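S.K.: Predicted model and sequence below, questions to follow.
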Amino acid sequence: MTDSDPERPAQDGPGDDPARADGGTDDRTDPERPDDGPDPSADADGEGEDDELSDAEAEEILEGIERKRTLSGGVAITVSAIGIVFSLFQIWLAARGFIFEFSLPVVGEVRLAALQLLQVNAIHVAFALVLAFLLFPPTDGGGVVATRLARVVPALEERLGTSNPVTSAARAVRRGVRWLVVDDERERVTPVDLVCIVLAALTAIYMVNDFSEIQQLRVLGLDSGRTIGEVYPFLQIPLDVVSVTGIPLNEVSYAFFLGAMGTLLVLEATRRALGVYLMLIVASFIVYARWGFIITPETPLIGVLSIPQGSWANIVQNLWYNTENGVFGIPVTVSVQFIYIFILFGAFLEMSGAGQWFIELAYSATGTRKGGPAKASILASGFMGTISGSSIANTVTTGAFTIPLMKRSGYRPEFAGAVEASASSGGQILPPVMGAAAFLMIEFIGVPFSDIIIAATIPAIVFFFGVWVMVHLEASRAGIGGLSRDDVVDIKSHLSRGWFYLVPLILLLYYLLVERLTVARSAWFTLVAIMALIAFVAAYNENTRVPLVGTIAVLFLAELGAFLTSGVGIVGLVTGASGETRTFVEALFAAGGTLGTIIVLVSLAFMLLRPRGDAPLLDFDDAVDTASERLAAGVSRPRLAETRPFRYVTFIGKSMDAGARTSTEVVVAVAAAGIIPGVVSATGLGPNLTALIKAVAGGSIVLLLLFTAIASIILGMGMPTTVTYIILVSLLGPAIAQSSNIPLLAAHLFILYFGVIADITPPVAVAAYAASGVAKSDPFRTGTKAFSLSLNKAIVPFAFALTPGILLLRGQNEAFRVLNGSDVAELTYFLPEVVIPIVGVFVGVVALGATVIGYFYSPVGQTERALFVVSAFLLMAPLLVLNAATDLLSFVGIVRNVGEPLVVDLGLRAAGAVLFGALTLKNRAASEKQPPQPTGRAEATD
């Protein structure tokens, strides 16, 4: 089972018939056509439809899945401007905190505002709501409700005639409704959008301008606040008119009105951006908060869900004017402090050209191996997935390049799409960024970010290793070679021209794990590093390298000297500031903090001196180049797009814009999801729900974990992983923690893993369906294949939940910790509870690969498959087998204890190892007896 096969060429020669990567023959091949030559209708690569997707085609697929508008002109500029302001707001928070003040040379200190957490959270959500209403249409006329309403006018025309007054009135109403809300081409902003935008802005303005009133109302109640008419006297007469109809708007407090409207706006933005499914779930919890008292404690089975009666004023106050729970609760706070800045970090990294560089690096490292394009896809997609945080976006953008290459090498379209979807979804469990869930864990569990990274590392490696094994076995089974050396870049030259892309990631890990800075500060410093690096690269060439580096060095030394002698930097000396002298180490760190700014300013100066100079290492993402050309054309100076300063500034703006657009869905998602734990907390539902779950599970940890896994997959279908995580941690997290000895971090990672699996689980496998659009494959089959490739992702969580040593954790419930040196030295613990389980998991995923692919050294029969899967379970999660057997035997009254768990665990792993070894020897012996199979003529195995 070697990783490369130099004897076997890639499948692009005459006579090669691309094999189905899931078994059988390719259904695109004409059975009547002889096998002695290529299809003349295909292009030089073997298939005309396999050409790489253009950026426009990939963007079209992504917008179709995400239901986004395609805006142009002034509206597009407005959206970008709002996105850039949103990013600048978040950058200030990361760099300076909640106090908005700055120093001017003559004026001195200027303070604009000193905000509270509730105000910051409100502004954060308001930005996201405004962008959501601009980016996502209310309806495109193709929904269930819209299509049914569209039948009304044709039905009236058929029954009453086209000239009937009723028909004419219906047509007029239809035109009015379509003008108000329908955007069938997804390219215009409707009047309803504008109303929503104004209301969203008003909620933030009220939070900022009238915070003292809000503080009073949080004590006295929302009903005691000023009415709408008192705030806006010109609305008093319309309000009085409306009140005649029975809607007492003239008596409603302004605070209650904005809180209720704000909550409804979050629901509407959720419906547009994330689908009606999540919106209905969140709305049902709000309805439950108001009318859950109808359930009496005496109601059979669900009586534990009974809650006290609450008023709308109290509900709105808890959901809108609260940072402990509700819309502005922990999830949005985490978004403000951590998630946004890391999404921005990913956007800067992607727009700098790092995405394509890492894809090419993956192909140069593995592309020439057996099945190389698929292996390169795993590496590239895993990396991009962890910084993008979106399985769908990563599947489409990375897959536009990787999937066609996989298809050309011989993988069937369904398999190629499945590999990309599986690897892209796995990016959300790959440290250090892990999408956004890791940041939520910090707040929910209260553990350092470094502990989460350490705990999540081995399971993530196991997952990607498992997918790697499966694509390798598939390549061996189907006779799929790798790319030729001419088709991949030389790894040494590639590293020499793009090594600086690794610097931000290394710095991020350094700040987090070595310096142990806060997550927000680490992200901010890394963001500055990216901007400084790209500025340096843009200014660097053969002519400027010496003066450029020299100028930066001289200014840095001057800054160091200023801190040493006066305690302030050069700017401070010039403006007359003073401070205490510092030691050399203190001055060095202080000057180091300004190094990024020095590099940016010096590099910009060099670029301005020679704007059209050469930049051999600069390779922005295509989106930056396109934006530069459009901006330059917009100001009637097309040649500006060729200048380095203009491209660099465009890079900064485009990165901020892209970060804001990506964050919009995340912020809307966490704002909506925060309502659920808000309702659970405000109504006292939590303890009752925990009791109900424990009662249903009947004390079985296996059933409890199984319920959690199923709920995670069902709830996560079509929803962001962060939303699934927030909801299930609120509902099921306490039950797991109180009903077992599982470490709290392991329970949270368990929920996260199954939330990620939902992205590739049919029937709503959104990431797999996105991949099928790129691969031009059957969506459902792509989804089932992606799920099978990620099967180890469904077993590993059970393994580490029951054996926390796999996570490098020791302890139970909340009393857990990451392993330290003394734990490693304690061999009686470290070997049986850490080393052996980790080795077992790695070997188990190999056995699982043989089960799924149906091939090891030779084809694997049905009986062998069954035995391989038994060995996989015994090696990976023996305690799952043990607990399930114990529960079953206890239920029938046979036995309640089968022995010491650790002894049984080791015994079952040993049995699994023996079984795996026997199967491996048998399969290898069978391969030596078989004649060599012609290249590209794989036998059917499915």
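M.R.: Yes, it's here.
S.K.: give the contact list for residue 84.
M.R.: Going by CB atoms under 8 Å, 6 or more residues apart in numbering, residue 84 touches 653, 656, 657, 660. All C-beta spots, glycine's among them, are computed from the backbone N, C-alpha and C.
S.K.: which ones are touching residue 639?
M.R.: Neighbours of residue 639 in contact, by CB under 8 Å, 6+ apart: residue 632.
S.K.: try it again with 10 Å
M.R.: 611, 612, 632, 646 (CB atoms under 10 Å, 6 or more residues apart in numbering).
S.K.: And what about it, helix, strand or coil?
M.R.: helix (DSSP: H, G, I helix; E, B strand; the rest coil).
S.K.: Check the spacing between it and residue 905 real quick.
M.R.: For residue 639, the distance to residue 905 equals 70 Å [CB to CB, to the nearest Å].
S.K.: Likewise for residue 689?
M.R.: In terms of CB to CB, residue 689 sits 32 Å off from residue 905.
S.K.: These two: which has the busier surroundings?
M.R.: Set side by side, residue 689 and residue 905 show more neighbours around residue 905, with 24 against 18, by other CB atoms under 10 Å.
S.K.: Packing partners of the helix or strand where residue 158 lies?
M.R.: Assessed by DSSP states H and E, residue 158 sits inside helix 152-160. Counting contacts by 3 or more CB pairs under 10 Å, 6 or more residues apart in numbering; DSSP states H and E, helix 152-160 is packed against helix 165-181.
S.K.: and the angle from the helix it packs on to helix 152-160?
M.R.: 170 degrees (axes from the mean of the first three to the mean of the last three CA atoms, to 10 degrees).
S.K.: per-residue confidence averaged over stretch 451-471?
M.R.: Mean pLDDT, computed over stretch 451-471, is 90.
S.K.: distance between it and the chain's centre?
M.R.: Distance of stretch 451-471 from the chain centroid (CA atoms, centre = their mean, to the nearest Å) equals 17 Å.
S.K.: got the CA coordinates for that stretch in PDB?
M.R.: C-alpha atoms of stretch 451-471 as PDB (Å, rounded to 0.1, in the frame of the first residue of the first chain):
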ATOM      1  CA  ASP A 451      -6.500  24.300  25.600                       C
ATOM      2  CA  ILE A 452      -9.200  24.100  22.800                       C
ATOM      3  CA  ILE A 453      -6.500  24.000  20.100                       C
ATOM      4  CA  ILE A 454      -4.500  21.200  21.900                       C
ATOM      5  CA  ALA A 455      -7.600  19.100  22.500                       C
ATOM      6  CA  ALA A 456      -8.900  19.500  18.900                       C
ATOM      7  CA  THR A 457      -5.700  18.700  17.100                       C
ATOM      8  CA  ILE A 458      -5.500  14.900  17.200                       C
ATOM      9  CA  PRO A 459      -9.100  14.300  16.200                       C
ATOM     10  CA  ALA A 460      -8.700  16.700  13.300                       C
ATOM     11  CA  ILE A 461      -5.600  15.000  12.100                       C
ATOM     12  CA  VAL A 462      -7.400  11.600  12.400                       C
ATOM     13  CA  PHE A 463     -10.200  12.900  10.200                       C
ATOM     14  CA  PHE A 464      -8.000  14.200   7.400                       C
ATOM     15  CA  PHE A 465      -5.800  11.100   7.700                       C
ATOM     16  CA  GLY A 466      -9.000   9.000   7.300                       C
ATOM     17  CA  VAL A 467     -10.100  10.800   4.100                       C
ATOM     18  CA  TRP A 468      -6.500  10.600   2.800                       C
ATOM     19  CA  VAL A 469      -6.500   6.800   3.300                       C
ATOM     20  CA  MET A 470      -9.800   6.500   1.500                       C
ATOM     21  CA  VAL A 471      -8.800   8.400  -1.600                       C
END
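S.K.: which parts of that stretch are buried?
M.R.: 451-460, 462-471 (16 or more other CB atoms under 10 Å).
S.K.: Where helices are concerned, which of those count?
M.R.: 451-460, 462-471 (DSSP state H).
S.K.: Tell me who's in contact with residue 357.
M.R.: Per CB under 10 Å, 6+ apart, neighbours of residue 357: 349, 489, 494, 495, 497, 498, 499, 500, 501, 502, 619, 621.
S.K.: Any chance of these in a markdown table with distance to residue 793 as columns?
M.R.: Putting the contacts of residue 357 into a markdown table (distance: CB to CB, whole Å) gives the following:
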| residue | distance to residue 793 |
| --- | --- |
| 349 | 25 |
| 489 | 31 |
| 494 | 30 |
| 495 | 31 |
| 497 | 35 |
| 498 | 31 |
| 499 | 32 |
| 500 | 33 |
| 501 | 28 |
| 502 | 27 |
| 619 | 34 |
| 621 | 30 |
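S.K.: quick one: which of those is nearest residue 445?
M.R.: The closest of these to residue 445 turns out to be residue 349 (CB to CB; 27.3 Å).
S.K.: Can you get me a residue count around the closest one?
M.R.: Neighbourhood size, residue 349 [other CB under 10 Å]: 25.
S.K.: quick one: what helix or strand has it in it?
M.R.: Counting by DSSP H and E, residue 349 is part of helix 340-351.
S.K.: roughly how far is that helix from the heart of the chain?
M.R.: Centroid displacement of helix 340-351 relative to its chain, using CA atoms, centre = their mean, is 12 Å.
S.K.: and what of stretch 477-496?
M.R.: 29 Å.
S.K.: Give the buried residues for it.
M.R.: By 16+ other CB under 10 Å, the buried positions in stretch 477-496 come out as 477, 478, 479, 480, 481, 482, 483, 487, 488, 489, 494.
S.K.: for stretch 647-655, same thing?
M.R.: 647, 648, 650, 651, 652, 653, 654, 655.
S.K.: Double-check the first one against residue 641; I have them as touching.
M.R.: In this case it means residue 647. Yes - using CB atoms under 10 Å, residue 647 makes contact with residue 641 at a distance of 7.1 Å.
S.K.: hey, what's in contact with both of these two?
M.R.: 625, 627, 628, 629, 631, 632.
S.K.: Next, the second one: secondary structure please.
M.R.: The three-state label given to residue 627 by three-state DSSP is helix.
S.K.: what's near enough to touch the nearest residue to it once chain neighbours are set aside?
M.R.: Distances taken as CB to CB, 6 or more residues apart in numbering place residue 654 nearest to residue 627, at 4.8 Å, with adjacent residues excluded. When contacts are counted by CB under 10 Å, 6+ apart, residue 654 touches 80, 83-84, 347-348, 350-351, 620-621, 623-628, 631, 647.
S.K.: Just the buried positions in the one helix or strand residue 654 maps to, please.
M.R.: Element membership for residue 654 (DSSP H and E) is helix 644-673. Residues of helix 644-673 classed as buried by neighbour count (16+ other CB under 10 Å): 644-648, 650-673.
S.K.: Fine by me, thanks again.
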